[in-house]
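*Asks:* Sequence plus predicted model, see below.
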Amino acid sequence: MSKQVGIVFAAAAFVLAWSSGFIVAKIGTEDVPVLTVLLWRFVPLAVGLAIVLLVSGQWRNASPAQLRSQLVIGLFAQFGYVVFVYASVAVGISTGTTALIDAVQPLVIAALAGPLLHVRVPGAQWLGLGIGAAGVFLIVQSQFGASDAPPIAYALPALAMASLITATILERRSPHRSPVLLTLTVHATATTVLLAVLALATGAAVPPGDATFWLTTLFLALVPTLSAYGLYWWLLRRIGVTVLNALLFLVAPTTAVAGALLFREPFTLLTAGGFLLSAAGVALVLVSDARGRVGARSRAGGRSRVSDPASGAPAGDASPRRAPDSAPQGAR
């Protein structure tokens, strides 16, 4: 029970931490170039993580294959994702709309889980994801046209979504499992190097000296980067790709509420209806997944109690079969 309670608290913290990234991105890029904010968001994080990794000694167990795998994943999971998210907010797309377009990824993940991850997504989870998507659509409808951003700019959050989907699929197919500390360190370091190259090339590397900038970048480093990404990979390995991405449906309405309170972005009855639908969809996915896991344990226990009378060993294949849930353990 305590383990389940811990996962619930981790899921709630993940939603809040991930949502904060959209809000603080808008605040941080009002007067400072996107690349400047992003570079100094990642520099202290990469340095701090590298120091902790060296002190802990975990780097000694890292194989070249693990490092190469995490390097590629990190380029999509952090560099590609944050650059496109910040660019979309900087050109005027509302924080709620950015998060909402990003929230479409659970359906894409569920659609790709079968052919790419060899995972069967049950019908109840498809229904939940569909209900959640309907909620997202309602919220998008309530906010569409609230900014002066050109239509082509809406491709930016879509590219951010595609980057995170690619990273998730690559991680689930990779045979190399790395500790979260190593994963975050490699991701942050690779992202810092690329951002530094771009910032130096465009003259955006020098940070402003005011305290607000440094408080903003410190918050970005600790909460939506360190906390949110750490929880993302931690939860991914415990509740599965479909359930975790279903939680992202809750990021969208959470961000919409915060955007309405802080930036007076639209929040109507249509927005509220979308929020309720998203919550209902997530609940259906989580309940379906929990039932699937309980059923799998029951079937495995039943098989283990049937013994071969000749040998006393379990008859047939009594090894627990993996339930057709959404928690793949890498490519098969």
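*Replies:* Perfect, I can see it now. Predicted model only: the values in this text are computed from it and were never measured. Numbering: from 1, shown residues only.

*Asks:* number of nearby residues for R68?
*Replies:* Number of residues near R68 (other C-beta atoms under 10 Å) recorded here: 13. Yep, even glycine has a C-beta here, placed from its N, CA and C like the rest.

*Asks:* can you pull the buried residues of the one helix or strand it maps to?
*Replies:* Under the criterion DSSP states H and E, the helix or strand holding R68 is helix 64-74. Neighbour counts using 16 or more other C-beta atoms under 10 Å place Q66, L67, S69, Q70, V72, I73, G74 of helix 64-74 among the buried residues.

*Asks:* next one: stretch 229-237
*Replies:* For stretch 229-237, burial by neighbour count (16+ other C-beta under 10 Å) applies to Y229, G230, L231, Y232, W233, W234, L235, L236.

*Asks:* ok, L54 - contacts?
*Replies:* By C-beta atoms under 8 Å, 6 or more residues apart in numbering, the contact set of L54 is empty.

*Asks:* That one sits in which helix or strand?
*Replies:* When elements are defined using DSSP H and E, L54 is found to belong to helix 34-56.

*Asks:* So which other helices or strands are in contact with the strand or helix carrying R297?
*Replies:* Assigning secondary structure by DSSP H and E places R297 in helix 269-304. Helices and strands touching helix 269-304, by 3 or more C-beta pairs under 8 Å, 6 or more residues apart in numbering; DSSP states H and E, are helix 123-143, helix 241-263.

*Asks:* which SSE is the residue nearest in space to the middle of the chain in?
*Replies:* Nearest to the mean C-alpha position of the chain, counting by C-alpha atoms, centre = their mean, stands Y232 at 5.1 Å. Of the helices and strands defined by DSSP H and E, Y232 is found in helix 228-239.

*Asks:* and if you look at F14?
*Replies:* Assigning secondary structure by DSSP H and E places F14 in helix 2-28.

*Asks:* Does D31 belong to a helix, a strand or coil?
*Replies:* Here D31 takes the coil state, with states given by DSSP: H, G, I helix; E, B strand; the rest coil.

*Asks:* Tell me how far it lies from T212.
*Replies:* D31 sits 9 Å away from T212 when distances are taken as C-beta to C-beta, to the nearest Å.

*Asks:* And P33, by the same measure?
*Replies:* Computed with C-beta to C-beta, the distance linking P33 and T212 is 15 Å.

*Asks:* so what's L194 up against?
*Replies:* Applying C-beta under 8 Å, 6+ apart, the residues contacting L194 are L75, F79.

*Asks:* host element of it?
*Replies:* Secondary structure from DSSP H and E places L194 in helix 180-202.

*Asks:* Settle it for me: which of P33 and T212 has more neighbours?
*Replies:* A direct count of neighbours by other C-beta under 10 Å for P33 and T212 places P33 higher, at 16 against 12.

*Asks:* Three-state assignment for the spatially closest residue to that one that is not a sequence neighbour, please.
*Replies:* If you skip the residues right next to it in sequence, P33 has A204 as its closest partner in space, 4.4 Å away by C-beta to C-beta, 6 or more residues apart in numbering. Counting by three-state DSSP, the backbone at A204 sits in coil.

*Asks:* how about low-confidence regions in the stretch 51-200 of the chain?
*Replies:* Across the stretch 51-200 of the chain, the ranges flagged by pLDDT under 70 are 106-107, 109-111, 113-117, 140, 143-148.
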